[in-house]
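# Sequence unavailable; structure follows:
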DNA sequence: TTGTATGCGTTATCAG
DNA sequence: CTGATAACGCATACAA
């Protein structure tokens, strides 16, 4: 018995038609208990399991979700992938991991996903041009969702952390702690999520009379870029003119900044410079860094996404509230 | 035009048969230049692209590789996933990310992968019982590979870093540096890779007269477990009896240990305690930790794996040499 | 309750 | 070089 058993094989062996065999595997179909047992027994014996490929071809439902990722430098992505994969599998779906990079852009990924008939495409925190998404919206193609970023496209639902609420809470906390001269470290430019956070950060400080916030542009979301950016700033800025608290666009940047401030410049944290991160990375919260960070409600976000994927809730953009974890860095 | 265009649609529009349409998309097939151009033009116009699902059903080749992961606590996995996904995509394949956990064990993953007709299953550093793999070896089912772990099963090729060579090099380096009292921090038990490293670590020290090596069992591969293990050891062991160098089973453990030693116990690294990691995680090499670490040759490993997947080389276990990066922690 | 015809969109093979 | 027939393995609709 070399090749895989098919429904036909089971039918022959069981002395039934292959359609009856099929019925044994579709819940709630009209089949006698006797036949079902017979079929299942023979199937077990032959090691038969329905071929999902063939099934999908007919039903147009593959249970596959393409997950597009372009930034693998952020360990937080791994935690997100873990949760997302688990959540999909709990609903009989599975994640197709698609690496977006120089040799494989969004357009190609969309096309490929479409050819594979995936049920949906999830952009997991990838940078994208809105017009490149336009093409993905072909009628009949897979639905597109943006996770952990805000989409400005009206037809593409995004599931993200409420930047306004989070920044309101962060600034409130910082003001209460007595900080007065905030700075903002940005990562990759042109990412809507970053822009949103920066915008609201500025907005809420403005309500406290702070009109000008130095931007430390790291240019990318990795430790080294963050280190370089802060190093540059601290080297160029006399101590008395420096910011007293640095809001970082994410935890990776915050960790890089934390290290440079403390190890290279001997600054005490938070006395000389307070630091705030964003995401809620596991390691950021450890005593090693003790980073105050706004945790994205990733469990809720993924639950919301899956609900939309399964059609249990309407597919529209949602902003979910996260939680500020105050630690020793502020 | 709501539904997706099929070859039939293109054929009708182009005034050719659907088989000729097909030929235009299969390289090196017998078709006149005239027809090919005509077909491609019409296809472009209708937005037709071959349905890979239907193709796979017939060819038995899906181009999908199930990648099983059970440990998402290690950021190194993310870098590995990135490289693996990119390498697969460069060969017209794609990774199906499968989360192995309490609710989804290897057996279920194997079955599901089989039902989806994936071309191969890759165990990415997952812990497994050899007998659970046995079931996966059904004739006709997808090929199984183990990446970054050693498989003891003769029929399952594993692509891994040469534990013996690496430990030989590490111990040689440590001896040259003058260290004399090594310790070993292990992670999850019963993982062949860990056992291999530990075994060879002991073996090469034995050649230098060291017969007993304290084992600090973290029990899992995460920062906290490493911290707890070293904290326990340092609390229980008087300074003069302590090890002078700690070999950690991977970088995550090493980072956790580094932090506890330095921050909680005020030990100077490497003067009071040297630390060695394993993997070659990006962050481990940064000044923040400056960890001496043995880098797995992940690029080579993945290249070897892909060669096997594509049938360009025989599928058999290989041990690849990595590279020791000496930094300030030793 | 069970069996039959038909279709999903391709590809392999063969006839012309 | 092109068109036609069969098959991949399953699911839906309908008939018995």
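That came through fine. Predicted model only: the values in this text are computed from it and were never measured.

# so who does whatever residue of the stretch 151-300 of chain A ends up closest to DNA strand D touch?
Nearest residue of the stretch 151-300 of chain A to DNA strand D, counting by C-beta to the nearest atom of the strand: residue A:157, 26.4 Å away. C-betas here are computed from N, CA, C, even on glycine. Residue A:157 makes contacts with A:145-146, A:151, A:308, A:315-318, as judged by C-beta atoms under 8 Å, 6 or more residues apart in numbering or on different chains.

# And for residue A:71?
Applying C-beta under 8 Å, 6+ apart, one finds that residue A:71 lies in contact with A:77, A:125-127, A:188, A:221.

# Excluding chain neighbours, what is closest to residue A:175?
Leaving aside its chain neighbours, residue A:175 sits nearest to residue A:208 (5.4 Å; criterion: C-beta to C-beta, 6 or more residues apart in numbering or on different chains).

# so the one you found makes contact with residue A:171?
Yes: using C-beta atoms under 8 Å, residue A:208 is in contact with residue A:171, at 7.1 Å.

# the more surrounded of the two?
Higher neighbour count among residue A:208 and residue A:171: residue A:171, with 25 against 13, using other C-beta atoms under 10 Å in any protein chain shown.

# Residue A:66 falls within a helix, correct?
No: using DSSP: H, G, I helix; E, B strand; the rest coil, the assignment for residue A:66 is strand, not a helix.

# which non-adjacent residue is nearest it?
With sequence-adjacent residues excluded and distances taken as C-beta to C-beta, 6+ apart, residue A:66 is closest to residue A:113, at 4.0 Å.

# Quick check: which element contains that neighbour?
Secondary structure assignment for residue A:113, by DSSP states H and E: helix A:106-115.

# Given the helix or strand following that helix, what are its sheet partners and their directions?
Next helix or strand after helix A:106-115 toward the C-terminus (DSSP H and E): strand A:120-124. For strand A:120-124, the paired strands and their directions (DSSP bridges) read strand A:64-69 (parallel), strand A:143-147 (parallel).

# any residues touching strand A:120-124, and which ones?
Outside strand A:120-124, the residues that reach it (C-beta under 8 Å, 6+ apart) are A:65-69, A:77, A:80-81, A:84, A:106, A:109-110, A:113, A:136, A:142-149, A:305, A:309.

# about what we covered before: contacts only, for the residue nearest to residue A:66.
Residues in contact with residue A:113, defined by C-beta under 8 Å, 6+ apart, are A:66, A:96, A:98, A:121, A:142.

# Wasn't the second one part of a strand?
Going back to what we said before, that points to residue A:96. Yes: secondary structure of residue A:96 (three-state DSSP): part of a strand.

# burial of it, as a residue count?
Using other C-beta under 10 Å, residue A:96 has 24 other residues around it.

# could I get the contacts of residue A:157 as TSV with pLDDT?
Shown next, in TSV, are those (pLDDT from 0 to 100):
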residue	pLDDT
A:145	95
A:146	94
A:151	81
A:308	97
A:315	93
A:316	94
A:317	95
A:318	96
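
# if you look at those, which of them are in strands?
Those of the contacts of residue A:157 mapping onto strands are A:145-146, A:318, per DSSP state E.

# By neighbour count, which of these wins?
residue A:146 (27 neighbours).

# which ones are touching that residue?
Contacts here follow C-beta under 8 Å, 6+ apart; on that basis residue A:146 touches A:122-123, A:156-160.

# can you count the residues close to residue A:54?
Residue A:54 has 17 neighbours, counted by other C-beta under 10 Å.

# got it, and residue A:167?
Residue A:167 has 23 nearby residues by other C-beta under 10 Å.

# do residue A:102 as well
With other C-beta under 10 Å as criterion, residue A:102 counts 6.

# How about the one 3 residues further on?
Residue A:105 is flanked by 13 other residues according to other C-beta under 10 Å.

# Check the contacts of residue A:146 for the minimum pLDDT and say which it is.
Lowest pLDDT among these: residue A:156, with 90.

# What ranges in the stretch 51-200 of chain A fall below the confidence cut-off?
Applying pLDDT under 70 to the stretch 51-200 of chain A flags the ranges A:129-131, A:135-136, A:138-140, A:190-194.

# try 90
A:106-107, A:125-141, A:149-155, A:188-196 (pLDDT under 90).

# just so I have it, where are all the strands in it?
A:64-69, A:94-99, A:120-124, A:143-147, A:158-161, A:182-186 (DSSP state E, counting those that start in this stretch).

# Is the spatially most central residue of chain A bridged to anything, and to what?
Nearest to the mean C-alpha position of chain A, by C-alpha atoms, centre = their mean, lies residue A:124 at 4.1 Å. On the basis of DSSP bridges, residue A:124 is bridged to residue A:147.

# And it, how close does it get to residue A:267?
Residue A:124 sits at a distance of 34 Å from residue A:267 (criterion: C-beta to C-beta, to the nearest Å).

# Farthest-apart pair in the contacts of residue A:157, please.
Farthest-apart pair in those is A:151 and A:308; separation 13.2 Å (C-beta to C-beta).

# anything in stretch A:45-59 near DNA strand D?
Yes: applying C-beta under 7 Å from any atom of the strand, one finds stretch A:45-59 in contact with DNA strand D at A:48, A:50-51, A:54-55, A:57-59.

# how about residue A:104, what does it touch?
Neighbours of residue A:104 in contact, by C-beta under 8 Å, 6+ apart: A:98, B:86, B:89.

# Also residue A:177?
Neighbouring residues of residue A:177 by C-beta under 8 Å, 6+ apart: A:274, A:330.

# cool, residue A:265 as well?
Taking C-beta under 8 Å, 6+ apart as the test, what residue A:265 contacts is residue A:234.

# swap in residue A:243?
Counting by C-beta under 8 Å, 6+ apart, residue A:243 makes contact with A:181-183, A:214, A:273.

# For these, work out which two are farthest apart.
Pairwise over the contacts of residue A:243, using C-beta to C-beta, the maximum falls at A:214 and A:273, 12.5 Å.

# which one of the two has more residues nearby?
Legend: neighbour count by other C-beta under 10 Å for residue A:214 and residue A:273, higher for residue A:273 (23 against 15).

# The more buried one and residue A:179, how far apart?
Distance of residue A:273 to residue A:179, computed by C-beta to C-beta: 10 Å.

# cool, and residue A:211?
In terms of C-beta to C-beta, residue A:211 sits 16 Å off from residue A:179.

# Quickly list what the nearest residue to residue A:85 once chain neighbours are set aside is bridged to.
Spatial nearest neighbour of residue A:85, excluding adjacent residues (C-beta to C-beta, 6+ apart): residue B:99 at 3.9 Å. For residue B:99, the beta-bridge partners are residue B:69 (DSSP bridges).

# And for residue A:295?
Residues in a beta bridge with residue A:295, per DSSP bridges, are residue A:279, residue A:323.
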